[in-house]
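In: Need a 3D model of the following:
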Amino acid sequence: MTTKELLQKIHALHQDVNSFISSCEEHQLNAPRPNGKWSIAEELGHLINALEQSNKGLLLPKFFMKYKFGTNNRQERTYEEVVKKYLDKLALVAIPNNPFQVKEVEQISKEKLLRRYLKQQQKFEKRLSQFSEKELSTLLLPHPLLGKLTVREFGYFTHYHTEHHFKNIQKS
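Out: Numbers count the residues shown, from 1 in each chain. Prediction:
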């Protein structure tokens, strides 16, 4: 997938999330969900936190990324391969000790939550667009569960991760 295609896919998904959340009533955001499932606000809070962490990595100078994390020396994974690796690793994480468990999201207004999400998604998309095709495939970033990923693979992961949580939000 080219940079342009990846960015279009991510942007379209972010727009869908924004539209859906905008259509929700304020009281729906923090409504408890059955079986201990996250509320809409918790799902979105988790996506905001994930984007914030991703943006920290993407904002590193490229020379520092290369110095600190090295360059890719393997066949780059496809979108499907990244998703499979993520699902395989996720299956190994014990739920009670899950380090990726959402932090409690304070009850904030829908507008403030959407502003935070929009700010992080715009940063992510802008920064990702500043990488060349070659840099997307050669520069690495660490992921807490998946290890080192190329920047393109990180984009793939971000898309899948957002899509996964968006499906959970839509079930509310």
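In: so where's the protein uncertain?
Out: Along the chain, the parts satisfying pLDDT under 70 run over 94-106, 172.
In: quick one: which helix or strand includes the residue nearest the centre of the chain?
Out: In the chain, the C-alpha nearest the mean C-alpha coordinate belongs to residue 158, at 3.5 Å (CA atoms, centre = their mean). Per DSSP states H and E, residue 158 falls inside helix 151-170.
In: Now that helix: buried residues?
Out: Residues of helix 151-170 classed as buried by neighbour count (16 or more other CB atoms under 10 Å): 151-162, 164-166, 169. No exception for glycine: its C-beta is placed from N, CA and C like everyone else's.
In: what do you get for stretch 119-139?
Out: Of the residues in stretch 119-139, 120, 121, 123, 124, 125, 127, 128, 131, 135, 136, 138, 139 count as buried by neighbour count, 16+ other CB under 10 Å.
In: Endpoints of it, how far apart?
Out: Terminal residues of stretch 119-139 lie 24 Å apart, using CA to CA, to the nearest Å.
In: So what does the closest residue to residue 160 other than its chain neighbours have for phi and psi?
Out: Excluding the flanking residues, the one nearest residue 160 by CB to CB, 6 or more residues apart in numbering is residue 83, at 4.9 Å. Note on residue 83: backbone dihedrals following degrees, to the nearest 10 are phi -60, psi -50.
In: check contacts around the closest residue to residue 26 other than its chain neighbours.
Out: Computed as CB to CB, 6+ apart, the closest residue to residue 26 that is not its neighbour in sequence is residue 110, at 5.3 Å. Taking CB atoms under 8 Å, 6 or more residues apart in numbering, we find residue 110 in contact with 21, 22, 24, 26, 29.
In: got it, and residue 114?
Out: Shown in contact with residue 114 (CB under 8 Å, 6+ apart): 18, 21, 22.
In: repeat for residue 123
Out: 51, 55, 58, 59.
In: of the residues you listed, buried ones?
Out: Buried members of the contacts of residue 123, scored by 16+ other CB under 10 Å, are 51, 55, 58.
In: what's the nearest residue to residue 9 if we skip its chain neighbours?
Out: Once flanking residues are discounted, residue 9 sits nearest to residue 159: 5.7 Å by CB to CB, 6+ apart.
In: Okay, that neighbour and residue 4: tell me how far apart.
Out: Look at residue 159 and residue 4: by CB to CB, to the nearest Å, they are 14 Å apart.
In: for the buried residues of stretch 119-139, which one is nearest residue 63?
Out: When these are ranked by distance to residue 63 (CB to CB), residue 139 comes first, at 9.9 Å.
In: Great, nothing more from me.
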